[in-house]
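Undergrad: okay, here's the prediction I keep looking at, along with the sequence it came from:
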Amino acid sequence: MQYILLLYSNEQQDQDRSPEAMQAEMGEWFGFTKAVKDAGVFVAGDALQPTPTATTVRRRDNQLLTTDGPFAETKEQLGGFYIIDVPNLDDAIAWAAKIPNVHRGSVEVRPIMVFE
């Protein structure tokens, strides 16, 4: 079964970290990515550009509306994702718990819907 691990953190707090702290954590991210690939559960994953680069698209009353930025203002912003293929939710949660910034952000684990 495939699960998406949605990575949330506070962008402002992330940007306020020292370059040394950010560089040190990058090694953890590369290590995590290598681990999911080596385990054969990696399907896809990437980091996202910061929320000011986002555009939200809606259609209301046959009119296309676009808004700069994400739809909702929150304390944590979506910063990236991994898609993994594991047997069950418990395994997906175990991988989510290993995400390098889980101690200061959050990881939403959601099964991917399969259409026949």
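TA: Received the coordinates, thanks. Residues are numbered from 1 along each chain as shown.

Undergrad: any idea how far Leu6 is from Gln77?
TA: Computed with CB to CB, to the nearest Å, the distance linking Gln77 and Leu6 is 11 Å. No exception for glycine: its C-beta is placed from N, CA and C like everyone else's.

Undergrad: equivalent analysis for Ala96, please.
TA: Relative to Leu6, Ala96 is positioned 9 Å away (CB to CB).

Undergrad: give the residues shared as contacts by these two.
TA: The overlap between the contact sets of Ala96 and Leu6 (CB atoms under 8 Å, 6 or more residues apart in numbering) consists of 107, 109.

Undergrad: more neighbours: those two, which one.
TA: Using other CB atoms under 10 Å, the more surrounded residue of Ala96 and Leu6 is Ala96, with 20 against 16.

Undergrad: hmm, that one is touching Leu5, no?
TA: Yes. Because the distance of 5.2 Å satisfies CB atoms under 8 Å, Ala96 is recorded as touching Leu5.

Undergrad: residues shared between the contacts of these two?
TA: With contacts taken as CB under 8 Å, 6+ apart, the residues that reach both Ala96 and Leu5 are 107, 109.

Undergrad: which residues touch the nearest residue to Val57 once chain neighbours are set aside?
TA: With CB to CB, 6 or more residues apart in numbering as the measure, Thr66 is the residue that lies nearest to Val57, at 5.5 Å, once sequence neighbours are left out. Contact analysis of Thr66 by CB under 8 Å, 6+ apart lists 55-58.
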